[in-house]
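Novice: need the 3D shape of this:
(chains A and B)
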Amino acid sequence: MSYIAKPSAHHPALPRNALGLTRRDYEGSMSTLCAGCGHDSITAAIIEACFEMDLPAHRIAKVSGIGCSSKAPTYFLSRSHGFNSVHGRMPSVTTGANMANRDLYYIGVSGDGDTASIGLGQFCHAVRRKLNMTYIVMNNGCYGLTKGQFSATNDKNSPSKKGEANPFDAIDLCQMAIQLGAGFVARSFSGDKRQLLPLIQAAISYKGFAFIDVVSPCVTFNNHPASTKSYEYVRMHNMASENKLDYVEPKEEITAEYDEGTSTSVELHDGSQLMLYKIGEGHDPRDADAAIHTIRTNAAKGTIVTGLLYVNEDQHDLHDVLGTDERPLNGLPMSELCPGSKALEGINARLR
Amino acid sequence: MSGINDFVIKFATVNGSGSASANTMVAKTLFRMGIPVSPKNIFPSNIQGLPTWYEVRVSEAGYLARRDGIDFMVAMNPQTYVEDLAEVVPGGWLLYDSSMPRIWPRDDITLLPIPIAQICAKQWTDARQRQLFKNMVYVGALVELLAMDMDALKGVISDQLKGKEKLMTANLQAVQLGRDYAREHFSCPLAIHARTAESAKGKIMVTGNDAGGLAAVYGGATVCAWYPITPSTSLAEAYEKYARRLRVTKEGKRLYGIVQAEDELAAIGVAIGGGWNGARSFTATSGPGISLMSEFLGLAYFAEVPIVLFNIQRGGPSTGMPTRTGQPDIISCAYASHGDTKHVLLFPSNPTEVFSMGAEAFDLAELLQTPIMVMSDLDIGMNDWITDPFTWDDSREQSRGKVLSAEQLEAFQSVKGKAWGRYLDVDGDAIPYRTLPGTHPSMGSFFTRGTSHDEYARYTEDGRIHQRVIDRIRRKFDTAATVVPKPEIDIRDKSGKTGIIYFGATRPAVLEGLDELERAGVRLNAMRLKAFPFNEDVKAFCAAHDQIFVLEQNRDAQMRSLLITEADIPATKLIPALSYDGMPTTAAFVRKTVLEHLHPEKAAAAE
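Specialist: Got it, this is the predicted structure:
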């Protein structure tokens, strides 16, 4: 565990983005996770994504639950407000925050215990509500802070560090998310920044519920050779090698050559595009059934399919459903919210 | 003692038979005649088939507590004939459907047999109509028996049938059949009956939950999340009803958001997320919901997030009596959540106060940056009350509390002489300044957490800092005591050393009970608590009296415990007066409890 405070000085030669900010401006405090923890790589990818997208950090709200993963928001975007809520309840807090101000970006960070066990209900209902947010699960198959118990995403028979086999079937959060109506569903690996970065960028750009399940090995409790959530296993069994993708910002022109037969372009709400290079046995990511089929057939073979699994290009979000005003509710003046004494007279009259 | 404009009528019917709306019509008609009434709906936790009762006390004098002793019983439910018959006072009346012959083993009451089912069978062919109009036939009979104003009744029926005007004729036909039968067979009106009066003039008839929903609209709430639970459900529904009417732009956009959450955990989580992000947010629930919300309440307390929670209390423990009233959540709300927590509670005593205190709760939440719980109950929440009309002062300032804008953040150091820290007490009132997400590009961001933190919201495991922070939050409670509503004090005997403390829905019973006691030569001073924490007035009242009854609707004298622990009132002074059978407390209970303690001889004589 690192415990040294980060120096705040910047090297003057650090590259700056359109807002004149450096990567350092998107960082948080020093990570207190174990050296080599997959979560730190995801943190780095989030920082990189926001920097590259020129996002004003203060327009982002970071929300999390409880656990190693939920600590991560302290390690990125120190200029953003963050809310480390209670275990498994990040989705409800984010729902309220989003209802209050629809204009911010919401990045929810959760873990496999936080989402697939104690918070499974809240996860499902946030998906159902089409909450406009990016929901990242840092998935390591175990409970780190309480010393390595299995979580509900740990594969059946994948053993603990002590060699005990996990007797229960795993919950596949991507399959659930697709089935419950999430508009953007991806799986990635903390060790594959090349893939993770565009996925995070696309998820942030997506209007609606964007879910990324990131396999993120726990170096202390679940990184032994027999674990299916270890760096080694995921590298050996990741079906991402052929499933490459690029995120193209709205302002950029698509310059790379994309071969008609091997790539698909998915347009996101803000005009940005996600270029997908088809995998050999690939499925159309707009096809939910095909996505679930791909996940299941790969899982049966012991392989992990990563990349953008499913996208619904025209999802409506919760505010569309609720019919709320375009202005953020938290900024409405009391004069517009309180109907005043005159209206009250009418109400009294109806009650006589 | 019963007579004109002073009696209790009770309807015993079957749940789901359409009787509720017919019974409400009777109460509303009497109210529109200018007579104060207090209807109590005593209903089962069931949709159809179980017994349900509707009691209406009619009192021109304005005594609106529930009263035992039924003068007039409308016995429409064979399942409960025995107990319904037993409840009628000697000399009272019992109306029943005599289509089937029935022997009533009492000769000290007057029976009013009406072959209601036969009348309906003759008039209508449709089975559903035959069933529904039975209710209107007995309403018609009551018009004659109780001398109810027919025009007032017509107005009430027409209001209730808005949008279903076609049904008006048939309903009035049913009423007429009942009137005709009553006039032909009984001597109308009875000794107890209604007469146009003035004492309910200017009042409104409304439930506390309707008032609570309206309070949230006036209080500026824009985020509401709730989970269905009796008896709080109708509060969230009322918010939606009023918001839809009062909070939609010309373009049809809503200036509010409501989410029916997946459970109470999520409901309060949504409210906290909204409160954290600067929207006035609330949830409504009842006892079991409080248990589920407790973890989150601790977070909101410790992270200092403003929210409002309406607790419509019902009988506990566990699922308890979902459709009966009580005040059993005083302790569980005052100290909700693990660790050292304490919450601000408000105690409205009727729908008018649910409105005023409910709206005020949103100001207090933001002022104090903490959850505020409005402690209503099933009696206030779901029963119709004749109460003062709602009022609103348009010049009232609805302060958003200490929230810093970007400019204020930049100027903070120079204005306050200290760098801003989210949990730093700059003003000495223990209330820090907060910032909202999205305010400033490089200032004011912080990490809200339920883990221990220092004055700058940084994680800490340093016990000294932890202690310092939770001590400051406790001091905030002292500030709260100076801003919450003061108690209502009623001094009936200036030199008297005996008092009674009460709160919430028991107000009508206490006021009536104290009048009765006064007539019996016993005068008590009374204090109605309106809030926790207790302020100086509460302590002064306790200091000025030697023995004080503490009336509450729970088994364990929870408010008494709170007074002992939080206001240092000697336990020996505080005499528990506990009514917790799920029914609204009566004046007779107040009188009896006081007399038995102070003057056992008078109590015996009164029985």
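Novice: which stretches of the chain have low pLDDT?
Specialist: No chain in the question, so chain A it is. Within chain A, the stretches with pLDDT under 70 are A:1-4, A:240-244, A:251-263, A:276-282.
Novice: not quite, go with chain B.
Specialist: Using pLDDT under 70, the flagged stretches of chain B are B:1, B:606-607.
Novice: could you chop it up by domain?
Specialist: Chain B resolves into domains spanning B:6-185, B:206-387, B:406-471, B:488-606 when parsed by automatic domain parsing.
Novice: possible to save the ones you listed as a markdown table with distance to chain A and mean neighbour count?
Specialist: In short, each C-beta sits where N, CA and C put it, glycine included. Output for those, formatted as a markdown table (distance: least, CB to the nearest CB, whole Å; neighbours: other CB atoms under 10 Å in any protein chain shown):
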| stretch | distance to chain A | mean neighbour count |
| --- | --- | --- |
| domain B:6-185 | 8 | 19 |
| domain B:206-387 | 3 | 25 |
| domain B:406-471 | 4 | 17 |
| domain B:488-606 | 19 | 19 |
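Novice: what would those domains look like in CSV with distance to A:Gly121?
Specialist: Below are the domains of chain B laid out as CSV (distance: least, CB to CB, whole Å):
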stretch, distance to A:Gly121
domain B:6-185, 24
domain B:206-387, 6
domain B:406-471, 20
domain B:488-606, 32
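Novice: element containing the residue nearest to B:Ala571 when sequence neighbours are not counted?
Specialist: Excluding its sequence neighbours, the residue lying closest to B:Ala571 (CB to CB, 6 or more residues apart in numbering or on different chains) is B:Ile564, at 5.1 Å. In this assignment (DSSP states H and E), B:Ile564 forms part of helix B:558-567.
Novice: report the central residue of the chain.
Specialist: Because you didn't say which chain, this covers chain A. The centre of chain A sits closest to A:Ile136, judged by CA atoms, centre = their mean, with a distance of 2.3 Å.
Novice: looking at chain B here, not the other one
Specialist: Geometric centre of chain B, nearest residue: B:Ile380, 2.5 Å, by CA atoms, centre = their mean.
Novice: confirm it sits in a helix?
Specialist: Yes: assigned with DSSP: H, G, I helix; E, B strand; the rest coil, B:Ile380 falls within a helix.
Novice: quick check: it vs B:Leu562, distance?
Specialist: Distance check for B:Ile380 against B:Leu562: by CB to CB, to the nearest Å, it reads 20 Å.
Novice: quick one: the residue nearest to the centre of chain B and B:Val354 touch, right?
Specialist: Yes: taking CB atoms under 8 Å as the definition, B:Ile380 is a contact partner of B:Val354 at 6.4 Å.
Novice: list residues touching both of these two?
Specialist: B:208, B:348 (CB atoms under 8 Å, 6 or more residues apart in numbering or on different chains).
Novice: what does the stretch 101-250 of chain A put close to chain B?
Specialist: A:101, A:103-104, A:121-122, A:124-125, A:129 (CB under 8 Å from any CB of the partner chain).
Novice: tell me which of these is nearest to chain B?
Specialist: Proximity to chain B was ranked across these by CB to the nearest CB; first place goes to A:His125, at 4.2 Å.
Novice: ok, now which ones touch that closest one?
Specialist: A:91, B:261-262, B:266.
Novice: what about 6 Å?
Specialist: B:Glu262 (CB atoms under 6 Å, 6 or more residues apart in numbering or on different chains).
Novice: which helix or which strand is home to it?
Specialist: Going by DSSP H and E, A:His125 is part of helix A:120-128.
Novice: could I get that helix in CSV with only the CA atoms?
Specialist: Extracted C-alpha coordinates of helix A:120-128, given in CSV (Å, rounded to 0.1, in the frame of the first residue of the first chain):
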residue,chain,number,x,y,z
LEU,A,120,-27.9,-6.9,-7.2
GLY,A,121,-31.4,-5.5,-6.8
GLN,A,122,-30.2,-1.9,-7.1
PHE,A,123,-28.1,-2.7,-10.1
CYS,A,124,-31.1,-4.3,-11.9
HIS,A,125,-33.4,-1.4,-11.2
ALA,A,126,-30.8,1.2,-12.3
VAL,A,127,-30.6,-0.7,-15.6
ARG,A,128,-34.4,-0.8,-15.9
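Novice: next secondary structure after that helix?
Specialist: Beyond helix A:120-128 toward the C-terminal end (DSSP H and E), the next one is strand A:133-139.
Novice: and what about A:Arg187, helix, strand or coil?
Specialist: Per three-state DSSP, A:Arg187 ends up strand.
Novice: my read: it touches A:Ile304, true?
Specialist: No: the pair A:Arg187 / A:Ile304 is not scored as a contact, 7.1 Å apart, by CB atoms under 6 Å.
Novice: who has more neighbours out of these two?
Specialist: Per other CB atoms under 10 Å in any protein chain shown, whichever of A:Arg187 and A:Ile304 has more neighbours is A:Arg187, with 27 against 22.
Novice: report the beta-bridge partners for the more buried one.
Specialist: Note on A:Arg187: beta-bridge partners by DSSP bridges are A:Asp213, A:Gly307.
Novice: ok, now which ones touch it?
Specialist: Contacts of A:Arg187 by CB under 6 Å, 6+ apart are A:174, A:213, A:306.
Novice: ok so A:Asn157 is a strand residue?
Specialist: No: with three-state DSSP as the criterion, A:Asn157 is assigned coil and is not in a strand.
Novice: how about it: what's its closest non-neighbour residue?
Specialist: Closest to A:Asn157 by CB to CB, 6+ apart is A:Ala165, at 4.9 Å.
Novice: same question for B:Gly444.
Specialist: That would be B:Thr435: by CB to CB, 6+ apart, it lies 3.7 Å from B:Gly444.
Novice: check B:Phe43 too.
Specialist: Counting by CB to CB, 6+ apart, the residue nearest B:Phe43 is B:Thr52, at 4.6 Å.
Novice: these two touch, right, B:Gly315 and B:Thr325?
Specialist: No: with contacts counted by CB under 6 Å, B:Gly315 stays clear of B:Thr325, the gap being 7.0 Å.
Novice: contacting residues around the closest residue in space to B:Arg32 that isn't next to it in sequence?
Specialist: Leaving aside its chain neighbours, B:Arg32 sits nearest to B:Ala152 (4.3 Å; criterion: CB to CB, 6+ apart). For B:Ala152, the contact set (CB under 6 Å, 6+ apart) comprises B:29, B:32-33.
Novice: report the separation between B:Ala152 and A:Glu345.
Specialist: As defined by CB to CB, B:Ala152 lies at a distance of 22 Å from A:Glu345.
Novice: what of B:Leu95?
Specialist: B:Leu95 is 39 Å from A:Glu345, by CB to CB.
Novice: ok so, going back, I'd guessed the residue nearest to the centre of chain B sits against B:Gly208; true?
Specialist: Yes: judged on CB under 6 Å, B:Ile380 makes contact with B:Gly208 at a distance of 3.7 Å.
Novice: got a list of what the closest residue to A:Gly67 other than its chain neighbours touches?
Specialist: Nearest-residue entry for A:Gly67: A:Gly111, 4.2 Å, with adjacent residues in sequence omitted and distances by CB to CB, 6+ apart. Contact analysis of A:Gly111 by CB under 6 Å, 6+ apart lists A:67, A:69, A:138.
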